[in-house]
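>>> please find the sequence and the predicted model below.
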Amino acid sequence: MFIAKVKGTVVTTHKVETMAGKKLLVVEPLQVDDPSGQFRPTGRCLVAVDNIDAGVDEIVLVTQGSSARMTESTGNAPVDCVVIGIIDSVCVQGKAVYSKG
Amino acid sequence: MFIAKVKGTVVTTHKVETMAGKKLLVVEPLQVDDPSGQFRPTGRCLVAVDNIDAGVDEIVLVTQGSSARMTESTGNAPVDCVVIGIIDSVCVQGKAVYSKG
Amino acid sequence: MFIAKVKGTVVTTHKVETMAGKKLLVVEPLQVDDPSGQFRPTGRCLVAVDNIDAGVDEIVLVTQGSSARMTESTGNAPVDCVVIGIIDSVCVQGKAVYSKG
Amino acid sequence: MFIAKVKGTVVTTHKVETMAGKKLLVVEPLQVDDPSGQFRPTGRCLVAVDNIDAGVDEIVLVTQGSSARMTESTGNAPVDCVVIGIIDSVCVQGKAVYSKG
Amino acid sequence: MFIAKVKGTVVTTHKVETMAGKKLLVVEPLQVDDPSGQFRPTGRCLVAVDNIDAGVDEIVLVTQGSSARMTESTGNAPVDCVVIGIIDSVCVQGKAVYSKG
């Protein structure tokens, strides 16, 4: 899994039937920058199915590959990326890198 | 999943039988460029099975890996990349990055 | 899937039993270079099982991951890369990038 | 699999149900640096489920992809990265690169 | 699959039960360097389960992902990388890049 920031949303009307009703988010993977003790943006983006009603700017946990189909809403759909949790805190080498709210 | 632009088509006559009748597209993954609020081409290309009759220059949603087999047309075929939707709009940080037509 | 050029062959005598009799090819992924309208070599190489009797210098279609096991000859073997077709032509933005023979 | 250093922990309260009770670690993949005979940090981070009660700064073995679900605790969960062992020693070209404790 | 050189070994005592008895190798993926007609080291390393009793400095064939579980010894284990053969020879563009012994 990786840590990501929710950047926005994607809308598709004409799509494979099993994708109907799924909320799609643009997520940017984040790296942990040791010296500064902060997240470092990667400039890359992926599209993930939202399983937990995440909002823009929230820090989330994302799963890729076949494991992205191991949630109730993604079961047999052609989904390879899914948000599985909203992150409360990240602690690296004993220091808080991130703490929500 | 990732956002991609349809660049062209691939034709193969001599192929594995289960690939018969599948339309193959050249797709280029796109990144979202924050400052300019536009898509950024990556210069890379992949070949994806078309599930939704997408045309050249259309912006589409692409799934990779085993999840690419989770569509009616790709079922048990040796397919690791599939177009699953035509994108209508992408919104990042509250601003429209892309809007179709 | 990706477009690749067949570069050569690999021979292994001492191997896992289920790999017996499989022809192994060295393949180099190619990118499509927009301005020149030609393939661009990547300098990387992978080893793929040959399913269609491809020869050196031929341009082929390659599938990776678990989907590489979805062919008659690769069924339950530890194969993660397979050649599934010989490419006749690639057309990008309406222009022929490649045409066989 | 790859060699990684445990850097910290991730806490998520609001998450997919099947992730309840799983301990999440921030892990950094390490490379083996031939000339110096030491590990080389990569600056990247992933989030892995902990299966073996690993502590911060420990050197561990990490599995990715669908294989990350092949442990008792990750069975049908949307997990694509898991710690499967604490590394005692790594030996490269006959020299000890790492030896625990 | 990819061509790799066996660089060393990894020992883990405290690990997931299904990993017991598996020999772990550090392997470095190699690229084929066209102009010189030789292998080019990549400086990256992975940990693979050894299925064929490979020794340090041997050139081997490695499979990744779920396909790494398609061997007798890796069946249901959390293994995503496995050595499936010792390479005898690699021939690129009609020239021998490598020949064992």
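Noted; the coordinates are in hand.
>>> between the longest strand seen in chain A and strand D:2-15, how big is the angle?
Longest among the strand segments of chain A by residue count, using DSSP state E, is strand A:2-15. Relative orientation of strand A:2-15 versus strand D:2-15 (axes from the mean of the first three to the mean of the last three C-alpha atoms, to 10 degrees): 70 degrees.
>>> in its sheet, what does strand A:2-15 sit against?
strand A:24-33 (antiparallel), strand A:59-64 (antiparallel), strand B:81-92 (antiparallel) (DSSP bridges).
>>> among these, which is the most enclosed?
strand A:59-64 (a mean of 25; mean count of other C-beta atoms under 10 Å in any protein chain shown). C-beta here means a position set from N, CA and C on the backbone, and glycine is covered the same way.
>>> any chance of the strands paired with strand A:2-15 in TSV, plus mean pLDDT?
What follows is the strands paired with strand A:2-15, written out as TSV (pLDDT from 0 to 100):
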stretch	mean pLDDT
strand A:24-33	94
strand A:59-64	98
strand B:81-92	97
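>>> identify the residues contacting the closest residue to A:Gly75 other than its chain neighbours.
Ranked by C-beta to C-beta, 6 or more residues apart in numbering or on different chains and with sequence neighbours excluded, the top spatial neighbour of A:Gly75 is A:Arg69, at 6.3 Å. Counting by C-beta atoms under 8 Å, 6 or more residues apart in numbering or on different chains, A:Arg69 makes contact with A:75-77, A:79, A:82, B:67, B:70, D:78.
>>> 10 Å instead?
A:49, A:63, A:75-80, A:82, B:66-67, B:70, D:66, D:78 (C-beta atoms under 10 Å, 6 or more residues apart in numbering or on different chains).
>>> now A:Met70: closest residue in space, sequence neighbours ignored.
Per C-beta to C-beta, 6+ apart, closest to A:Met70 is D:Pro78, 4.1 Å.
>>> please read the previous query as pertaining to A:Val47.
Nearest to A:Val47 is B:Met1, by C-beta to C-beta, 6+ apart, at 4.1 Å.
>>> again with A:Gly8
B:Val92 (3.6 Å).
>>> residues in contact with that neighbour?
With the criterion set at C-beta under 10 Å, 6+ apart, B:Val92 makes contact with A:6-10, A:26, A:28, A:45, A:56, B:32-34, B:37-38, B:98.
>>> ok, and the most crowded of those residues?
A:Cys45 (29 neighbours; other C-beta atoms under 10 Å in any protein chain shown).
>>> surely that residue touches A:Leu24?
No. Taking contacts as C-beta atoms under 10 Å, A:Cys45 lies outside contact range of A:Leu24: 11.8 Å.
>>> between those two, what contacts are shared?
Residues within reach of A:Cys45 and of A:Leu24 at once, by C-beta under 10 Å, 6+ apart, are A:8, A:10, B:90.
>>> tell me the one of those residues nearest B:Met19?
A:Val10 (28.6 Å; C-beta to C-beta).
>>> any low-confidence regions in chain A?
Scanning chain A with the threshold set as pLDDT under 70 gives A:34-35.
>>> for chain C, what's the nearest residue on it?
Minimum separation of chain A from chain C (C-beta to the nearest C-beta) falls at A:Ser66, amounting to 7.4 Å.
>>> burial count for that residue?
When neighbours are counted by other C-beta under 10 Å, A:Ser66 comes out with 25.
>>> equivalent analysis for the one 5 residues further on, please.
Using other C-beta under 10 Å, the number of residues around A:Thr71 comes to 24.
>>> what about it, which helix or strand?
Using DSSP states H and E, A:Thr71 sits within no helix or strand.
>>> and the gap between it and chain B?
A:Thr71 is 12 Å from chain B, where distance means C-beta to the nearest C-beta, to the nearest Å.
>>> my read: that residue touches A:Cys81, true?
No. With contact defined as C-beta under 10 Å, A:Thr71 does not reach A:Cys81; the gap is 11.4 Å.
>>> could you grab the helix/strand/coil label for the residue of chain A found nearest chain E?
In chain A, the residue found nearest to chain E is A:Ser66; the distance is 7.4 Å by C-beta to the nearest C-beta. Following DSSP: H, G, I helix; E, B strand; the rest coil, A:Ser66 is assigned to helix.
>>> now do the longest strand of chain A: distance to the chain's middle.
Mean-position distance between strand A:2-15 and its chain equals 9 Å (C-alpha atoms, centre = their mean, to the nearest Å).
>>> over to stretch A:65-82?
The answer for stretch A:65-82 is 13 Å, by C-alpha atoms, centre = their mean.
>>> pull the CA atoms of it into PDB?
C-alpha atoms of stretch A:65-82 as PDB (Å, rounded to 0.1, in the frame of the first residue of the first chain):
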ATOM      1  CA  GLY A  65      -3.300  -4.700  -8.200                       C
ATOM      2  CA  SER A  66      -5.600  -7.700  -7.700                       C
ATOM      3  CA  SER A  67      -5.800  -6.800  -4.000                       C
ATOM      4  CA  ALA A  68      -7.800  -3.700  -5.000                       C
ATOM      5  CA  ARG A  69     -10.700  -6.100  -5.800                       C
ATOM      6  CA  MET A  70     -10.800  -7.400  -2.200                       C
ATOM      7  CA  THR A  71     -13.400  -4.900  -1.000                       C
ATOM      8  CA  GLU A  72     -17.200  -5.100  -1.000                       C
ATOM      9  CA  SER A  73     -17.600  -2.500  -3.600                       C
ATOM     10  CA  THR A  74     -14.900  -3.600  -6.000                       C
ATOM     11  CA  GLY A  75     -15.500  -7.400  -6.000                       C
ATOM     12  CA  ASN A  76     -15.500  -8.400  -9.700                       C
ATOM     13  CA  ALA A  77     -15.000  -5.100 -11.200                       C
ATOM     14  CA  PRO A  78     -12.000  -4.100 -13.400                       C
ATOM     15  CA  VAL A  79     -10.500  -2.100 -10.600                       C
ATOM     16  CA  ASP A  80      -6.700  -2.100  -9.900                       C
ATOM     17  CA  CYS A  81      -6.500   0.800  -7.300                       C
ATOM     18  CA  VAL A  82      -8.700   1.500  -4.300                       C
END
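>>> quick one: buried residues of that stretch?
By 16 or more other C-beta atoms under 10 Å in any protein chain shown, the buried positions in stretch A:65-82 come out as A:65-71, A:73-74, A:77-82.
>>> out of these, who's nearest E:Glu17?
A:Ser67 (21.2 Å).
>>> so who does the closest one touch?
Contacts of A:Ser67 (C-beta under 10 Å, 6+ apart): A:1, A:74, A:80, A:82, A:84, B:67, D:64-69, D:74, D:76-81.
>>> residue in chain A nearest to chain D?
A:Gly85 (3.2 Å).
>>> name the residues linked to the nearest residue to A:Ser99 once chain neighbours are set aside by a beta bridge.
Excluding the flanking residues, the one nearest A:Ser99 by C-beta to C-beta, 6+ apart is A:Ser89, at 4.7 Å. Beta bridges link A:Ser89 to A:Ser99, D:Val11, judged by DSSP bridges.
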